[in-house]
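A.B. asks: Sequence and predicted model, in that order:
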Amino acid sequence: MSHVIETHQLTKTYGLLKAVDKLDITVESGEIFGLLGPNGAGKTTTISMLCTILKPTSGTATVNGFDIVKEPNKVRKSIGIVFQEPSIDDRLTGKENLYMHANLYGVPASVQKERINRILKLVELEDRADDLLRTYSGGMRRRLEIGRGLIHYPKVLFLDEPTVGLDPQTRDHIWKYIKQLKEAEDITVVLTTHYMDEADRLSDRIAIMDHGKIVILGSPPKLKETLEGDVVAVKANNIDALSELVTKRLGLEKKQIVDDALEITVRNGKAVMPRIMELATQNNIYVESIVLREPNLEDVFLFYTGKSIREDSGKELHGMAAIQRRSIK
Amino acid sequence: MTEIRGFYTLWLREIKRFLRDRTRLVSMFIQPLLWLVIFGAGFGIRFAIPGLSYQQVIFPGIVGQTLLFTSMFMGISVLWDKEFGFMKEILVSPVSRFTIFLGKMVGDSTSSFLQGIIVFIVGIAIGVSIDPVTVIYALPIMMLITFGLVSIGLTIASLIGTLESFGAIQTFINLPLFFLSGALFPLKGPGITLPSWLTTVAAWNPLTYGVDALRNVILGASWTPQLQIQPLWTDIGLVCLFDLIMIAIGTWAFSRMK
C-alpha cells in the first residue's frame, strides 16, 4: 500500500512548549487513521499543519505527494477538512453552502449540480437542502460539513473531533456515515478524537498522542493485546488510602480512579485480586466490589502514559505518575 | 478561473446575507429620512445658497453619509465570520487572499450601494427637488465611494478581534469623516468662511471628494465652480486613488489573518 501522508520530524513549538515534537507517522491509502489523545496532546496542531493552516517550526510532511511547506495550494486542493468548530454559514441554505464550497475549490460548473445532489443524498439531507442552516440541528450541520468536505473529491478527508458536543445517538449516526463514506468514496480518512469509543469503532489504526509525541501506534485490537494484562476495578469506602497502599505494598503503579472505582492494570489479575482484598482487610478498608475485566483503549492510554485520557485528566493523576508529573512542572 | 468563480461566490454570499437581513432593510429607510426631514428642514436657514434649498445641498451629503456609515459597518461581517467559524472555510480554500478580500469587499460595497439608492427613493418621496436623470450619473460615483470605505471597515475588523472594540473604533472614524466632509455644510463659496484647520482636515478627507463629486452631478449647474471643492473628474480621480490605497491595505490585512 502507498503512503498518502508521511511526516518527517514534524515539529511545532510555541515558545518553550513543544506542541508537536518530531513526529514521524505514515498514513496508508484507504485507511481510517485515528489520532487519539487528551485535549492539548497536539492532535489539532498536527492536523492543522497537514492541512497547511499552520506552518511547522521544523520538519515537514507530504500529503498526496505534495509538500505541505512548499506546495500548500496543491495540498489544499487535494484534501477535505472538517474543523472541530462549526464553519458553515447559517444564513445560507444547505445547498448554497455546498455550491459556495464547490466554487471556492474550483469544481467545474458542469458537474456541480450532480455532485451536490449526490452528496446531499449521501448525508441524507435532500429534503432539507433548501432550508436555511440556522434551522438545522447540530447533527445535521455536522453531516452537511462532512458532506461539504467531499465535494471537490479530496483524496484525504481530515476530521477534527467530528462528534464533539453531539448527543450519543447523533454520534452513532455520524460514525455510520464516516464508515459508509470510506466504503463509497475510496478515500483516506484522518480523524482526531479524545473519545476512546470513537477511535475504537472507526479507526483501522490508532496513534495515541501525548505531549506532542506518538506514544504507541497500532490497530485497536493490537493495542489492547500489548497490555498483556487485565484491569482490576475495586470499589471501596476509602479509595485514596487503598490506592496508596497498593502502590506501597504491592508495587502496582498503573492505576487510576474512574467513577469512584480504583482501576489497576496488572499482568495477572486473578492472582492480584486476593492480595488487594487482604490489604484492604488489614487496613480496615471496606471493599464494596471487585471486578476483573478486559482492557479497553482507555487502559491502553493509561498504561503507556501513566494518566487518564479524560478531559479533567489533571485530577486523576495518582501515585508515582502524579509525582513525576508534578516534578516536571 | 478558480479565482473568478471564488470572487463571484463570495460576492453573491454577501448580497444574499444582506438581503435576508430584514431589520437592516427597514432601518435603511428610516435613517436618511430623519436626516433629511429634521436636519434639512430645521437647520437650513444659516447656510442658504442662492438657487438651492438647504435640503438640496445636504441631500448628496446624506447619500455620502449613508454610504459611509453602512460601508464601515460592513466590517462586522468579518467579525461574524470569525465568530461563527465560517472565515476558516474561506481562508483554507485554495482561493487567494486578494480574491477573498475583493469578493467580500465588492459584495459589501454592493450592499452599501443598495442602501445609497434607497436614500434617493426616500429623497424623491419626501419631495427634495432632484432631477431623476442625475441618479444615473450618481450611481457609479456611489459605487466608487463604497469601495474605499468598505475596505477601511474590513481592514479594521480583520485586525481587531472583538465586536466591542470594532464598534468603538468605527464611531471614532465615522463621525470625524462625516462632519469634516462638507456633507452638512458647504466647505467653500461666497460668504462662507471656515476655520483654516477645518478646511485643511477636510482636504485630507476622502469623503470630501466623494460628496463633492455627488454634488457636481446631482446639483448640476447650480453647484457652481465657486462652490466646488474640485472639478468632477479630479474628485473622481482622488476617490479612485483612495480606493486603490485602501484595497492594497485591505489585502495586506487579510493576508495576515489566520
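C.D. replies: Structure received.

A.B. asks: Which strands and helices lie in contact with the helix or strand containing A:F301?
C.D. replies: Counting by DSSP states H and E, the element that carries A:F301 is helix A:297-305. Where contact means 3 or more Cβ pairs under 8 Å, 6 or more residues apart in numbering or on different chains; DSSP states H and E, helix A:297-305 is packed against helix A:196-202, strand A:205-210, strand A:213-218, helix A:220-226, strand A:255-258, strand A:261-266. C-beta here means a position set from N, CA and C on the backbone, and glycine is covered the same way.

A.B. asks: ok, 10 Å please
C.D. replies: Judged by 3 or more Cβ pairs under 10 Å, 6 or more residues apart in numbering or on different chains; DSSP states H and E, helix A:297-305 is in contact with strand A:32-36, helix A:196-202, strand A:205-210, strand A:213-218, helix A:220-226, strand A:230-236, strand A:255-258, strand A:261-266.

A.B. asks: Would you tell me which of those gets closest to chain B?
C.D. replies: Among these, the nearest to chain B by Cβ to the nearest Cβ is strand A:32-36 (18.6 Å).

A.B. asks: Neighbouring strands of that closest one in the sheet, and parallel or not?
C.D. replies: If you go by DSSP bridges, strand A:32-36 pairs up with strand A:188-193 (parallel), strand A:205-210 (parallel).

A.B. asks: JSON lines for those, including mean neighbour count?
C.D. replies: As requested, these are exported to JSON lines (neighbours: other Cβ atoms under 10 Å in any protein chain shown):
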{"stretch": "strand A:188-193", "mean neighbour count": "25"}
{"stretch": "strand A:205-210", "mean neighbour count": "24"}
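
A.B. asks: what's the least confident stretch among the helices and strands packed on helix A:297-305?
C.D. replies: The minimum mean pLDDT among the helices and strands packed on helix A:297-305 belongs to strand A:255-258 (a mean of 80).

A.B. asks: ok, that one: who's next to it in the sheet?
C.D. replies: Short version: by DSSP bridges, strand A:255-258 pairs with strand A:261-266 (antiparallel).

A.B. asks: element containing the residue most central in space within chain B, please.
C.D. replies: Nearest to the mean C-alpha position of chain B, counting by Cα atoms, centre = their mean, stands B:L67 at 2.8 Å. Assigned by DSSP H and E, B:L67 belongs to helix B:54-73.

A.B. asks: Is any residue of that helix near chain A?
C.D. replies: No. Helix B:54-73 lies out of reach of chain A by Cβ under 10 Å from any Cβ of the partner chain, never closer than 16.3 Å.

A.B. asks: same question, stretch B:104-114
C.D. replies: No. Using Cβ under 10 Å from any Cβ, stretch B:104-114 stays clear of chain A, with a minimum separation of 12.1 Å.

A.B. asks: B:L238 belongs to a helix, doesn't it?
C.D. replies: Yes. Membership of B:L238 in a helix is supported by DSSP: H, G, I helix; E, B strand; the rest coil.

A.B. asks: Quick check: the closest residue to it other than its chain neighbours vs B:I218, distance?
C.D. replies: Nearest non-adjacent residue to B:L238, counting by Cβ to Cβ, 6 or more residues apart in numbering or on different chains: B:Y209, 4.4 Å away. Distance from B:Y209 to B:I218, counting by Cβ to Cβ, to the nearest Å: 15 Å.

A.B. asks: which one of these two has more residues nearby?
C.D. replies: Set B:Y209 next to B:I218 and count neighbours by other Cβ atoms under 10 Å in any protein chain shown: B:Y209 wins out with 27 against 23.

A.B. asks: now that one: how far from chain A?
C.D. replies: According to Cβ to the nearest Cβ, to the nearest Å, B:Y209 stands 35 Å off from chain A.

A.B. asks: Quick one: list the elements packing against the helix or strand harbouring that residue.
C.D. replies: Counting by DSSP H and E, the element that carries B:Y209 is helix B:206-218. For helix B:206-218, the elements it packs on are helix B:54-73, helix B:97-125, helix B:132-159, helix B:163-179, helix B:196-203, helix B:232-256, judged by 3+ Cβ pairs under 10 Å, 6+ apart.

A.B. asks: wouldn't A:K270 be in contact with A:V232 here?
C.D. replies: Yes. Between A:K270 and A:V232 there is a contact at 9.4 Å, judged by Cβ atoms under 10 Å.

A.B. asks: So these two - more neighbours on which side?
C.D. replies: The neighbour count for A:K270 versus A:V232, taken as other Cβ under 10 Å, is higher for A:V232 (23 against 10).

A.B. asks: Quick check: beta-bridge partners of the more buried one?
C.D. replies: Under the criterion used (DSSP bridges), A:V232 bridges to A:I264, A:L292.

A.B. asks: Could I get the contacting residues of it?
C.D. replies: If a contact means Cβ atoms under 10 Å, 6 or more residues apart in numbering or on different chains, then A:V232 has A:246, A:252, A:255, A:261-266, A:269-270, A:272-273, A:276, A:290-293 as its contacts.

A.B. asks: Would you mind naming what in the stretch 151-300 of chain A lies close to chain B?
C.D. replies: In this structure, the stretch 151-300 of chain A approaches chain B at residues A:H152, judged by Cβ under 10 Å from any Cβ.

A.B. asks: Now the stretch 151-300 of chain A against chain B: closest residue?
C.D. replies: A:H152 (9.0 Å).

A.B. asks: How about the contacts made by B:S111?
C.D. replies: Counted by Cβ under 10 Å, 6+ apart, B:S111 has contacts B:14-19, B:21, B:24, B:28, B:70-71, B:73-74, B:77, B:146, B:150.

A.B. asks: what number of residues lie near B:F84?
C.D. replies: With other Cβ under 10 Å as criterion, B:F84 counts 16.

A.B. asks: isn't it right up against A:E85?
C.D. replies: Yes. Contact between B:F84 and A:E85 holds when scored by Cβ under 10 Å: they sit 8.7 Å apart.

A.B. asks: Give me the buried subset of the contacts of A:V232.
C.D. replies: Burial by neighbour count, 16 or more other Cβ atoms under 10 Å in any protein chain shown: within the contacts of A:V232 this picks out A:246, A:252, A:255, A:261-266, A:269, A:272-273, A:276, A:290.

A.B. asks: Looking at those, which one is closest to A:I146?
C.D. replies: Nearest to A:I146 out of those is A:E263 (Cβ to Cβ; 34.3 Å).

A.B. asks: quick one: contacts for the closest one?
C.D. replies: Per Cβ under 10 Å, 6+ apart, neighbours of A:E263: A:231-234, A:254-257, A:291, A:293, A:295, A:298-299, A:302, A:308.

A.B. asks: again, only using 8 Å
C.D. replies: A:E263 makes contact with A:V231, A:V232, A:A233, A:V234, A:K255, A:Q256, A:I257, A:D299, A:L302, according to Cβ atoms under 8 Å, 6 or more residues apart in numbering or on different chains.

A.B. asks: count of neighbours near the residue nearest to it when sequence neighbours are not counted?
C.D. replies: Excluding its sequence neighbours, the residue lying closest to A:E263 (Cβ to Cβ, 6+ apart) is A:A233, at 4.9 Å. Neighbourhood size, A:A233 [other Cβ under 10 Å]: 17.
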